[in-house]
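K.L.:
sharing a model prediction with you, sequence too.
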Amino acid sequence: MQNTVHHIQPNCANFRSVARALTIVENDLTGAGELLKSLTFNKDTPVIGITGPPGAGKSTLVNSLISTLLAGNNKIAVLAIDPTSPFNFGSLLGDRIRMASHFNSLNVFIRSLATRGSLGGLSAKTIEMADVLRASGFDYILIETVGVGQSEIEIAGLADITLLVLVPESGDEIQNIKSGLMEIADAFIINKADRADADLFTNNLKKIIQQKKENGPPVFKTIASKSEGVNEVINFIKSASHLKNNRKELLMSEKAYKLIQQRLMVNVDKKKLQQKIAEALAKPEFNLYTFLDSNWQS
């Protein structure tokens, strides 16, 4: 298997090789470490994170971004981060359903990845799989997060450019913006901008941005279902290469931290932990902290 792995050099001209490399890395199959160490990055491919609350139209926006980028004969990879079922630890949503219109495109590679219980919505596997895609020679890599928990914050440690998607009804998200999201968003996208109060919401958001930063992130209005406003977003992505250069050290340290964290947790099997908890709960004297000391050594 070791020798075989060395021949699996992912290439965007051969989607099968990309899919095979991703499977080896995602499932920690034999040779995964060697494959990752052998990756070479000959292309400065931007990784674009797209996050936001459920229902904001992230998948529709991704579809529209893909359509626009394909007009330039680009090869595009999409990594869709799906919520994990607490029962079978698998992905609840499928890439075929979410991005069906581009699934058979020769220039679009789509892969879904379950969060696997990561509280922030992003697992260390996301970093490794994104690097496999970067080494494959795609022109753009889009990562769509599930948009719950701390995934909005975590995506900033992975993506070169982070787009936060909101809708005119996102009143609660304004509070989140005040409490931290402002620092991670490189651009705000008000999707479904044909809805009532879209202009009012956009103006309020711009005021908040101006209060926090004099030259804060731009705000775009889109109607992704009609591809309206998407060209402006694409132009921003193409002109935002300076964002990537300015945060290179931060991105790398965040990625390293997440990977170190994963290695420290590698021997913790969540299914076995659940089984042990079930057995321990049957005892009336159960104490969680005593249980952890007895069953899990740091």
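P.N.:
Thanks, I have the structure now.
K.L.:
what about the strands in the stretch 51-200 of the chain?
P.N.:
76-82, 108-114, 140-144, 161-166, 187-190 (DSSP state E, counting those that start in this stretch).
K.L.:
and of those strands, who's closest to residue 282?
P.N.:
Nearest to residue 282 among these is strand 108-114 (30.0 Å), distances taken as Cβ to Cβ. (Glycine included, C-beta is placed from N, CA and C.)
K.L.:
residues in contact with residue 134?
P.N.:
Contact criterion Cβ atoms under 8 Å, 6 or more residues apart in numbering gives 39, 41, 43, 45, 47, 141 as the residues in contact with residue 134.
K.L.:
mind checking pLDDT for it?
P.N.:
The predicted local distance difference test score for residue 134 is 93.
K.L.:
separation between it and residue 227?
P.N.:
As for residue 134, its distance to residue 227 is 27 Å (criterion: Cβ to Cβ, to the nearest Å).
K.L.:
check residue 138 too.
P.N.:
Between residue 138 and residue 227 the computed distance is 22 Å (Cβ to Cβ).
K.L.:
also residue 270?
P.N.:
To residue 227, residue 270 is 41 Å away according to Cβ to Cβ.
K.L.:
what's the answer for residue 169, then?
P.N.:
Relative to residue 227, and taking Cβ to Cβ, residue 169 is found at 22 Å.
K.L.:
which of residue 138 and residue 227 has more neighbours?
P.N.:
Neighbours were counted for residue 138 and for residue 227 using other Cβ atoms under 10 Å; residue 138 has more, 25 against 16.
K.L.:
so that one makes contact with residue 107?
P.N.:
No - under the criterion of Cβ atoms under 8 Å, residue 138 makes no contact with residue 107, lying 9.3 Å away.
K.L.:
which residues do those two both contact?
P.N.:
Overlap between the contact sets of residue 138 and residue 107, as judged by Cβ under 8 Å, 6+ apart, is given by 75-76.
K.L.:
list the contacts of residue 72.
P.N.:
Contacts for residue 72 were tallied using Cβ under 8 Å, 6+ apart; there are none.
K.L.:
look up how far residue 9 lies from it.
P.N.:
26 Å.
K.L.:
please, where are all the helices along the stretch 101-250 of the chain?
P.N.:
Secondary structure of the stretch 101-250 of the chain (DSSP state H, counting those that start in this stretch): helices located at 124-135, 151-155, 171-178, 198-212, 230-239, 241-246, 248-264.
K.L.:
as CSV, those with distance to residue 14 would be great.
P.N.:
Listed next are the helices of the stretch 101-250 of the chain as CSV, based on distance: least, Cβ to Cβ, whole Å:
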stretch, distance to residue 14
helix 124-135, 13
helix 151-155, 28
helix 171-178, 41
helix 198-212, 43
helix 230-239, 26
helix 241-246, 27
helix 248-264, 26
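K.L.:
and of the ones you listed, who's closest to residue 28?
P.N.:
Closest of the helices of the stretch 101-250 of the chain to residue 28 is helix 124-135, at 8.8 Å (criterion: Cβ to Cβ).
K.L.:
and that closest one, how far out from the chain's middle?
P.N.:
10 Å (Cα atoms, centre = their mean, to the nearest Å).
K.L.:
which residue packs closest to residue 228, ignoring adjacent ones?
P.N.:
Nearest residue to residue 228, sequence neighbours excluded (Cβ to Cβ, 6 or more residues apart in numbering): residue 222, at 6.3 Å.
K.L.:
the one you found touches residue 194, doesn't it?
P.N.:
No - judged on Cβ under 8 Å, residue 222 makes no contact with residue 194 at a distance of 9.8 Å.
K.L.:
give me the more crowded residue out of the two.
P.N.:
Counted by other Cβ under 10 Å, residue 222 and residue 194 do not tie: residue 222 has more neighbours, with 25 against 13.
K.L.:
tell me the pLDDT of the more buried one.
P.N.:
The model reports residue 222 with a pLDDT of 97.
K.L.:
state the distance from it to residue 169.
P.N.:
Computed as Cβ to Cβ, the residue 222 to residue 169 distance reads 15 Å.
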